[in-house]
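Peer 1: Sequence and predicted structure are below.
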Amino acid sequence: LGSSMAQAQWVLDGYTLPLAALLLTAGALGDRIGLRRMLLGGIALFTVASLACAGAPGVAWLIAARAVQGAGAAALLPATLALVPHLFTERADRERATVTWVAAGSIAVAAGLLVGGLLIAAFGWRSIFLINLPVGVVSAGLARAHVPETPRHRVPLDHVGQAAAAAALGLLTAGLITGGAAGWAAPSTLGLLAGGVAAGLGFWRAERRGSHPMLPLSFLRHQVRTPAVICAGLMGFVFYGTLFVMSLYFQQLRGLSPGGAGIALLPLTVSSTAGPLVLYRPLSRRYGHPVMLAAGFACCAAGTAVLAAGGSGAPYPVVLAGLLLTGGASTIAFSALTSLLMAATPPGQAGLGSGLQNTIRQAGALIAVSVLGSLLNTSLLAGRLPDAFLILGVADVGGIALGLATIAGGGRGGCPRSG
């Protein structure tokens, strides 16, 4: 469609912004109206919005349709994880199902990158949205046939908190994207960022004083839940930030087609399936979830370091090593933080826990695209790559530190003490 870099960022963030902003409310709403109903509604909205994306006549239409698609994803995503404790009552089965949930998402990312690139090469970009139509129909049929409805908990919704959260994410995202195009000292950039901070403070105040907050601050006063939630944001930043940077790298610096870039990125995406499917369960039984969380971020840091050391002209085997390390380690860390969070969350708050984890993860992805896209919004892409990898490395180090804190707070197995 001939978009600018800023418009391309909005095509990505136009989806991720409502997804991140609405996940918490969607999690709470699923507890209120039933998770099965929430799942089916989300699938329907996502599928219809995909059809609108495929028919977009211009960039503005595409961004708007992507926003509706993100709202549908926000409805269905927390329900998928929150259903796990209802469908699997034994602890061992629940842990196995949680890791399988992570693996399913990893496989989808791996397949999506490859299939998406090949579809674009063969049929054009609209085909990547049309493929969602049969997927949506099959998913809805499977959910209707096999997923039972869950008990409903009548809790009023937090409209003020929802509005403040959406405003904070939207203004911060707009400010970060505007900064790359207009400059970081531009009045528009500073005004948007200041508005985002103010809305964030408003959200904190609403959750602290509201009678029915969508995120009770007491939920975060826990020695395991809080590090796990923050790690979800850092891992979203690292994985999707790496995916974004390397997509630009392969297409703009190496001159690959979308299909070729999808193939070149397979080590990142396919290795991410090995973590939960092959490695995580035996390793976590031996070392515990907190150790695996710290180790996962440490290996991600090693992968980032390899990609940074290789530079813009690195031979592909060097890039391959960095992608394999980052991809495999990312889902090790993600499996660990998800297992820690769900084990520390009471069943009656499963929707809240799932919604919060997915919210923070998607917010991390949202910020990664905004920050790194603004940094790389230049014709001198090769010269900015070291800075991009430095930012990713800082996020890796933060995850390592939180993993070590979780080891100290949660013990070998990560089973939380009461609190």
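Peer 2: Nice, I can see it.
Peer 1: For stretch 217-225, measure first residue to last.
Peer 2: Stretch 217-225 has an end-to-end distance of 12 Å (criterion: CA to CA, to the nearest Å).
Peer 1: what comes up buried for it?
Peer 2: 219, 222, 224-225 (16 or more other CB atoms under 10 Å). C-beta: built from backbone N, CA, C; applies to glycine.
Peer 1: Please identify which pair of those lies farthest apart.
Peer 2: Taking CB to CB, the two most distant members of the buried residues of stretch 217-225 are Phe219 and Val224; they sit 11.7 Å apart.
Peer 1: can I get the CA coordinates of the helix or strand containing Thr189 in PDB?
Peer 2: Remark: Thr189 resides in helix 187-209, with elements defined by DSSP states H and E. C-alpha atoms of helix 187-209 as PDB (Å, rounded to 0.1, in the frame of the first residue of the first chain):
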ATOM      1  CA  PRO A 187       6.000  19.200  21.100                       C
ATOM      2  CA  SER A 188       3.700  16.500  19.700                       C
ATOM      3  CA  THR A 189       6.000  13.800  20.900                       C
ATOM      4  CA  LEU A 190       6.500  15.300  24.400                       C
ATOM      5  CA  GLY A 191       2.700  16.000  24.700                       C
ATOM      6  CA  LEU A 192       1.700  12.400  23.800                       C
ATOM      7  CA  LEU A 193       4.300  10.900  26.200                       C
ATOM      8  CA  ALA A 194       3.300  13.200  29.000                       C
ATOM      9  CA  GLY A 195      -0.400  12.400  28.400                       C
ATOM     10  CA  GLY A 196       0.500   8.700  28.500                       C
ATOM     11  CA  VAL A 197       2.300   9.100  31.900                       C
ATOM     12  CA  ALA A 198      -0.700  11.100  33.300                       C
ATOM     13  CA  ALA A 199      -3.100   8.400  32.100                       C
ATOM     14  CA  GLY A 200      -1.000   5.700  33.700                       C
ATOM     15  CA  LEU A 201      -1.000   7.600  37.000                       C
ATOM     16  CA  GLY A 202      -4.800   7.900  36.600                       C
ATOM     17  CA  PHE A 203      -5.000   4.100  36.100                       C
ATOM     18  CA  TRP A 204      -3.000   3.500  39.300                       C
ATOM     19  CA  ARG A 205      -5.200   5.800  41.200                       C
ATOM     20  CA  ALA A 206      -8.400   4.200  39.900                       C
ATOM     21  CA  GLU A 207      -7.200   0.700  40.800                       C
ATOM     22  CA  ARG A 208      -6.100   1.900  44.300                       C
ATOM     23  CA  ARG A 209      -9.400   3.600  45.100                       C
END
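Peer 1: Check which helices and strands it is in contact with.
Peer 2: Judged by 3 or more CB pairs under 8 Å, 6 or more residues apart in numbering; DSSP states H and E, helix 187-209 is in contact with helix 159-182.
Peer 1: List the buried residues of the helix it packs on.
Peer 2: 160-162, 164-181.
Peer 1: Centroid-nearest residue for this structure?
Peer 2: Gln362 (3.4 Å; CA atoms, centre = their mean).
Peer 1: tell me the contacts of that residue?
Peer 2: 16, 19-20, 23, 236 (CB atoms under 8 Å, 6 or more residues apart in numbering).
Peer 1: Give me the buried entries from those.
Peer 2: 16, 19-20, 23, 236.
Peer 1: Which of the residues you listed fall within strands?
Peer 2: With DSSP state E as the criterion, strands contain none of the buried ones among the contacts of Gln362.
Peer 1: out of the residues you listed, who's nearest Arg32?
Peer 2: Leu23 (14.8 Å).
Peer 1: Surely that closest one touches Leu352?
Peer 2: No. Taking contacts as CB atoms under 8 Å, Leu23 lies outside contact range of Leu352: 10.4 Å.
Peer 1: Which residue, other than its chain neighbours, is closest to Phe203?
Peer 2: In this structure, Phe203 finds its nearest non-sequential neighbour in Ala164, 3.8 Å apart by CB to CB, 6 or more residues apart in numbering.
Peer 1: And for Gln349?
Peer 2: That would be Phe219: by CB to CB, 6+ apart, it lies 7.0 Å from Gln349.
Peer 1: need the contact list for Ala368.
Peer 2: By CB under 8 Å, 6+ apart, the neighbours of Ala368 are 236-238, 240-241, 244.
Peer 1: One more pass at 7 Å, please.
Peer 2: 237, 240-241, 244 (CB atoms under 7 Å, 6 or more residues apart in numbering).
Peer 1: Tell me how many other residues crowd Ala122.
Peer 2: 9 (other CB atoms under 10 Å).
Peer 1: How about the backbone phi and psi for it?
Peer 2: phi -90, psi -40 (degrees, to the nearest 10).
Peer 1: Does Leu293 lie in a helix or a strand, and which?
Peer 2: helix 289-310.
Peer 1: Give me the angle between the following helix or strand past that helix and helix 289-310.
Peer 2: Counting by DSSP H and E, the next helix or strand C-terminal to helix 289-310 is helix 316-343. Taking axes from the mean of the first three to the mean of the last three CA atoms, to 10 degrees, one finds helix 316-343 and helix 289-310 inclined to each other by 160 degrees.
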